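Enquirer: Generate coordinates for the sequence data below:
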Amino acid sequence: MAAAATGQGATSVAGNGTARPLVLTRKINAGANSAQTKVPNTYQLEPSKEFAFATHREAIREIISTCLEEALNASEADPKDVLMNTLAKIKSDLLQLQAVLFPRHRVVVHGIIGNIGHNQPSLIYGSQCLASPECGDDGVSVSVKNYDRFLCVCAFGSYQS
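Expert: Residues are numbered from 1 along each chain as shown. The predicted structure follows:
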């Protein structure tokens, strides 16, 4: 099937040896007599409660905890590989959750990993986020450790109007 453009802004399609024009129309002026559909404004200063990051803290905490427990049991020797693979999995899972539950939030995830020697870890990690609780902004932090490794991940969600 071949398509060619005509001088009138329409296209013609050749099929079975005949060509018929495809007219592309669009209603420009609906007229004064037609009923107009009122479309709601999409600009919001804050999300509805069911679409707020803070509403879904436990689901987010569960995703992060599951990924961190898997990372502790990982057989990879290089901590950098463990951290990057874990953050990639967390990011993937949170993006799926974000698309459904809090689509207008920007999510930031921080992670840190370290090895434990004979002493307790000597690394201190802190993270803060400017948040507006009435917009559903919040953060979730999960830390896990075993005999030779520790991981800490923080996820912050801030509403983007």
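Enquirer: low-confidence ranges in this structure?
Expert: 1-42, 76-77, 118-130, 161 (pLDDT under 70).
Enquirer: Surely Glu69 is in a helix?
Expert: Yes - counting by DSSP: H, G, I helix; E, B strand; the rest coil, Glu69 is found in a helix.
Enquirer: just checking, next helix/strand downstream of whatever helix or strand Ile112 lives in?
Expert: Assessed by DSSP states H and E, Ile112 sits inside strand 105-115. The C-terminal neighbour of strand 105-115 among helices and strands, as given by DSSP H and E, is strand 138-145.
Enquirer: Excluding sequence neighbours, find me the nearest residue to Ile116.
Expert: Nearest non-adjacent residue to Ile116, counting by CB to CB, 6 or more residues apart in numbering: Asp148, 5.4 Å away. In this view, the C-beta of every residue, glycine as well, is placed from N, C-alpha and C.
Enquirer: Grab the longest helix from this protein for me.
Expert: Using DSSP state H to define each element, the chain has its longest helix at helix 79-101.
Enquirer: quick one: that one to strand 105-115, angle?
Expert: Helix 79-101 and strand 105-115 meet at an angle of 160 degrees, taking axes from the mean of the first three to the mean of the last three CA atoms, to 10 degrees as the criterion.
Enquirer: on contacts alone, who are the packing partners of helix 79-101?
Expert: Where contact means 3 or more CB pairs under 8 Å, 6 or more residues apart in numbering; DSSP states H and E, helix 79-101 is packed against helix 57-72, strand 105-115, strand 149-159.
Enquirer: If I take the last one and strand 138-145, what angle do their directions form?
Expert: Between the direction of strand 149-159 and that of strand 138-145, the angle (the same axes, to 10 degrees) works out to 170 degrees.
Enquirer: what's the straight distance from one end of stretch 70-83 to the other?
Expert: One end of stretch 70-83 sits 11 Å from the other (CA to CA, to the nearest Å).
Enquirer: what comes up buried for it?
Expert: For stretch 70-83, a neighbour-count test (16 or more other CB atoms under 10 Å) marks 71-72, 79, 82-83 as buried.
Enquirer: Identify the residues contacting that stretch?
Expert: With contacts defined as CB atoms under 8 Å, 6 or more residues apart in numbering, stretch 70-83 is touched by 85-86, 89, 111-115, 144-146, 149, 151.
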